[in-house]
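Colleague: let me see the structure of the following:
(2 chains)
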Amino acid sequence: AQKVTQAQTEISVVEKEDVTLDCVYETRDTTYYLFWYKQPPSGELVFLIRRNSFDEQNEISGRYSWNFQKSTSSFNFTITASQVVDSAVYFCALIGAGNNRKLIWGLGTSLAVNP
Amino acid sequence: DVKVTQSSRYLVKRTGEKVFLECVQDMDHENMFWYRQDPGLGLRLIYFSYDVKMKEKGDIPEGYSVSREKKERFSLILESASTNQTSMYLCASRGSYEQYFGPGTRLTVT
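Modeller: Model (predicted):
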């Protein structure tokens, strides 16, 4: 069975703090893809990143960085120097090569960045 | 940029009405999806389509049907709306593996 767990339901930080959102996954597929999405208060889900199971290099995009570790089945997301505009719900998701039509979603982490 | 549009942002319907939610994508994607999102339950897949006239049930298809007559358009139909179908409905279109979402339709059934 495939599963994505985002243990943090809600996180609240003060602007300029760094924050890490955790994502742990389970899959029996050897080939799979991991994703992060952002859902701001407006409601539209925005694709942030895709990572495949063969590429464990960390990724950095501006203030965002992602740490993929197969050994711990984790794909964590860090926001450096958080800003109020980062306030959103963040979802982690997984798709396996074995059933490559359906995304398996975590329940999301609601991040509040306070001024 | 991928563009996925949904027919309405907000919709209010009465119990028993037939409701159509429409989704259009402009990227010639074969795969399209309908989800509903409820607090504490995350995103749940209702139906998806992998080609014109092809559809497959998701995790919660009961009370819903879909139609895909053209590649760019995927419609979700509530045959007889009920109050427990009050929710946010999200349409998505899939590229290589990632899905691109429309702005969502917040449906209230009274």
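Colleague: please count neighbours and contacts with C-alpha atoms only from this point.
Modeller: Will do.
Colleague: tell me the first helix or strand C-terminal of the top strand by length along chain B.
Modeller: Ordering each strand of chain B by length in residues (DSSP state E) puts strand B:42-51 first. Sequence-wise, the next helix or strand downstream of strand B:42-51 (DSSP states H and E) is strand B:54-57.
Colleague: not counting sequence-adjacent ones, nearest residue to the residue nearest to the spatial centre of chain B?
Modeller: The centre of chain B sits closest to residue B:34, judged by C-alpha atoms, centre = their mean, with a distance of 3.2 Å. Spatial nearest neighbour of residue B:34, excluding adjacent residues (C-alpha to C-alpha, 6 or more residues apart in numbering or on different chains): residue B:91 at 4.7 Å.
Colleague: a helix runs through the one you found, doesn't it?
Modeller: No: going by DSSP: H, G, I helix; E, B strand; the rest coil, the assignment for residue B:91 is strand, not a helix.
Colleague: first-to-last residue distance for stretch B:3-12?
Modeller: 25 Å (C-alpha to C-alpha, to the nearest Å).
Colleague: from the chain's centroid, how far away is it?
Modeller: The chain centroid and the centroid of stretch B:3-12 are separated by 10 Å under C-alpha atoms, centre = their mean, to the nearest Å.
Colleague: in that stretch, what counts as buried?
Modeller: If you call a residue buried by 16 or more other C-alpha atoms under 10 Å in any protein chain shown, then stretch B:3-12 has these buried ones: B:4-7.
Colleague: can you check stretch A:75-86 too?
Modeller: A:75-80, A:82-83, A:86.
Colleague: just stretch A:106-115 next, same as before
Modeller: Neighbour-count burial for stretch A:106-115, counted by 16+ other C-alpha under 10 Å, picks out A:106-114.
Colleague: so which of the residues you listed belong to strands?
Modeller: Counting by DSSP E, the buried residues of stretch A:106-115 contribute A:109-114 to strands.
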